[in-house]
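Asker: Attaching a predicted model along with its sequence, questions to come.
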Amino acid sequence: MSDSDAWAEACAEDLKAEQARRRAQRATEPGSPAEEFRKLFEAVADKVSDGLGHPLLGGQAAQTVQQFVNQAKAAVEPVIERNPQVFDHLAAAGSELLAAYRSAVEAHESRWTRGEAVPQDDPRRDADRPRGDDEGPGTGQHIDLD
């Protein structure tokens, strides 16, 4: 086993131990994606409701916002109850998108940090060059996820 493999394995073990320690501190495991969405929605609704006491919101505006929050709760709750698997699929899709993005970025970064030359006819050649201030922070490079 090489030093880098041993280091990676030790880091992974430490990370798992730390995650287990934190879960034990919280004493609750994360719920299903549907349960987590319900908790998120409740937290946002509570924050919105708490903000209704703000002096800038008049009586009618506060009532309108509270009515909207109540209608949203009434609409979301049956969807969560009847279709919890939808949230499982959405969570899996999000993970896949993140993995695809990470893969594309890591490949680009490794080429850039190694100083690998891009062939003359490669469309990425111009995308790797520094750009003027007027063109914004993006590289303009198309990332093909297919």
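Answerer: Noted; the coordinates are in hand.

Asker: Next one: Ala99 from Leu15, what distance?
Answerer: To Leu15, Ala99 is 18 Å away according to CB to CB, to the nearest Å. Backbone N, C-alpha and C define where each C-beta goes, glycine included.

Asker: in the chain, which segments are predicted with low confidence?
Answerer: Scanning the chain for pLDDT under 70 picks out 1, 27-30, 51-59, 116-146.

Asker: Quickly list the domain ranges of it.
Answerer: Using automatic domain parsing, the domain parsing of the chain gives 1-30, 31-117.

Asker: Identify, out of the ones you listed, the most deeply packed stretch.
Answerer: Of all these, domain 31-117 carries the top mean neighbour count, a mean of 12, counting by mean count of other CB atoms under 10 Å.

Asker: measure Leu98 to Ala74 for me?
Answerer: Per CB to CB, Leu98 is found 32 Å from Ala74.

Asker: got it, and Lys39?
Answerer: 17 Å.

Asker: before we move on, what about Glu96?
Answerer: On the measure of CB to CB, Glu96 and Ala74 end up 32 Å apart.

Asker: tell me what the helix or strand Arg102 falls within is packed against?
Answerer: Per DSSP states H and E: Arg102 is located in helix 84-114. If you count contacts as 3 or more CB pairs under 8 Å, 6 or more residues apart in numbering; DSSP states H and E, helix 84-114 packs onto helix 33-50.

Asker: Show the subsequent helix or strand relative to the helix it packs on.
Answerer: By DSSP H and E, the next helix or strand past helix 33-50 is helix 59-82.

Asker: name the helices or strands packed onto that following helix?
Answerer: Using 3+ CB pairs under 8 Å, 6+ apart: helix 59-82 touches helix 33-50.

Asker: The helix it packs on to helix 59-82, inter-axis angle?
Answerer: Interaxial angle, helix 33-50 versus helix 59-82 (axes from the mean of the first three to the mean of the last three CA atoms, to 10 degrees): 170 degrees.

Asker: Which elements pack onto helix 33-50?
Answerer: Under the contact definition 3+ CB pairs under 8 Å, 6+ apart, helix 33-50 sits against helix 59-82, helix 84-114.

Asker: Residues contacting that helix, please?
Answerer: Here helix 33-50 makes contact (CB atoms under 8 Å, 6 or more residues apart in numbering) with 30-31, 65-66, 69, 72-73, 76-77, 80, 83-84, 86-88, 90-91.
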